[in-house]
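A.B. asks: here is the input, now give the coordinates:
(one chain, ligands or ions: 1)
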Amino acid sequence: MTRSLVASIRDRQHAGLFPVISEVKSRSPKEGDLLAGRDPVTYARAMASAGVAGISVVTEPEHFGGSMDVLRAVVAAVDLPVLAKDFVTSPDEIDPFVQAGAAALLLIASHLEADTLAALVDHARARGIETLVEAHTVEEARIVGALPGDLLGINNRDITVLEVDDSDVSRTAELAGLYPAGRPVVSESAIAGPADVRRAAAAGADAVLVGTAALRAPDTVAFLRGLAGVGWPV
Ligand SMILES: O=C(O)c1ccccc1NCC(=O)[C@H](O)[C@H](O)COP(=O)(O)O
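C.D. replies: From the prediction side, this is the model:
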């Protein structure tokens with residue numbers, strides 16, 4: 001389904017839950033294999049049963065082992081908005097994500113000039129797909145905050161080195177105050193548990209995006225319920 005990720009985040013907040021976007025990621029340059037033989041669609045269904053606001057699917061194949069096939073399969077399997085994560089650099093790359101049924105698409109300030117980023121946001125809006133525009137530095141956050149993207153992202157890890165850095169949510173504390181009010185701020189990456197959700201929320205985040213910790217958890221559903229159970233308002 002292609003319902004709004006923004007609306008789903010607001011729904012969770014109104015229900016008194018902290019909004020969590022949980023991720024299907026086959027592997028990462030830092031951690032290696034993450035799915036450990038699990039079927040990505042079965043895994044996505046399990047996460048959906050934990051009450052998350054949305055599912056993120058990393059489609060980038062070379063470093064993260066993703067694919068458009070997995071994106072399409074997850075969209076078909078869950079009744080939640082699905083965010084697609086990849087390195088999009090031109091407007092014609094957006095249309096396949098729209099056709100695959102993604103509700104939202106990641107755009108990354110560190111990989112794009114401000115003009116290009118603005119053109120991609122415009123194209124995505126015209127095609128009816130929401131954008132999560134992500135910053136990792138002060139300079140990027142200033143650019144992202146001035147664009148009309150739907151969701152404002154802060155990547156706690158450095159995607160320019162493929163997230164092999166050791167990070168924590170302190171990056172969210174540095175950047176969230178640079179964003180304008182009114183749009184959901186998503187703290188992405190390096191969320192290890194409820195304490196990180198509380199820190200991100202205290203810094204101004206409206207949602208967290210979690211991949212590795214949920215994939216490594218002995219009980220993913222219980223882990224995600226624990227993050228959402230931090231509650232809203234925090
Ligand atoms: O976030 C990006 O810029 C990105 C772009 C293209 C492919 C992957 C990308 N990042 C990876 C992630 O999205 C993280 O897996 C996600 O934020 C979860 O992080 P973690 O909980 O630390 O696994």
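A.B. asks: does stretch 69-81 come close to the ligand?
C.D. replies: No. Applying Cβ under 6 Å from any ligand atom, one finds that stretch 69-81 is not in contact with the ligand, the shortest distance being 12.3 Å. Every C-beta, even on glycine, is put in place using the N, C-alpha and C of the backbone.
A.B. asks: remind me, longest helix of the chain?
C.D. replies: When the chain is parsed with DSSP state H, its longest helix is helix 114-126.
A.B. asks: the ligand contacts on the chain?
C.D. replies: When proximity is defined by Cβ under 6 Å from any ligand atom, the chain lies next to the ligand at 23, 25, 58, 60, 64, 85-87, 106, 108, 134, 155, 157, 159, 163, 188-191, 209-213.
A.B. asks: out of the residues you listed, which are buried?
C.D. replies: Among the residues of the chain next to the ligand, the ones that count as buried by 16 or more other Cβ atoms under 10 Å are 23, 25, 58, 60, 64, 85-86, 106, 108, 134, 155, 157, 159, 163, 188-191, 209-213.
A.B. asks: mind checking which of those residues land in strands?
C.D. replies: Under the assignment DSSP state E, these contribute 23, 58, 85, 106, 108, 134, 155, 188, 209-210 to strands.
A.B. asks: and the two most separated of these?
C.D. replies: 108 and 210 (18.2 Å; Cβ to Cβ).
A.B. asks: can you name the next helix or strand after the helix or strand bottoming out on mean pLDDT in the chain?
C.D. replies: Every helix and strand of the chain was ranked by mean pLDDT, DSSP states H and E. The lowest is strand 27-28, at a mean of 94. Next along the chain after strand 27-28, taking DSSP states H and E as the criterion, comes strand 32-33.
A.B. asks: any idea how far that following strand is from the chain center?
C.D. replies: What separates the centre of strand 32-33 from the centre of its chain is 19 Å, taken as Cα atoms, centre = their mean, to the nearest Å.
A.B. asks: now do that strand: everything it contacts.
C.D. replies: 26-27 (Cβ atoms under 8 Å, 6 or more residues apart in numbering).
A.B. asks: output the below-cut-off pLDDT ranges for the chain.
C.D. replies: Residue ranges of the chain with pLDDT under 70: 1-2.
A.B. asks: find the residue at the geometric middle of it.
C.D. replies: Centroid-nearest residue in the chain: residue 209, 4.7 Å away (criterion: Cα atoms, centre = their mean).
A.B. asks: let me see the contact set for residue 77.
C.D. replies: Neighbour list for residue 77: 41, 44-45 [criterion: Cβ under 8 Å, 6+ apart].
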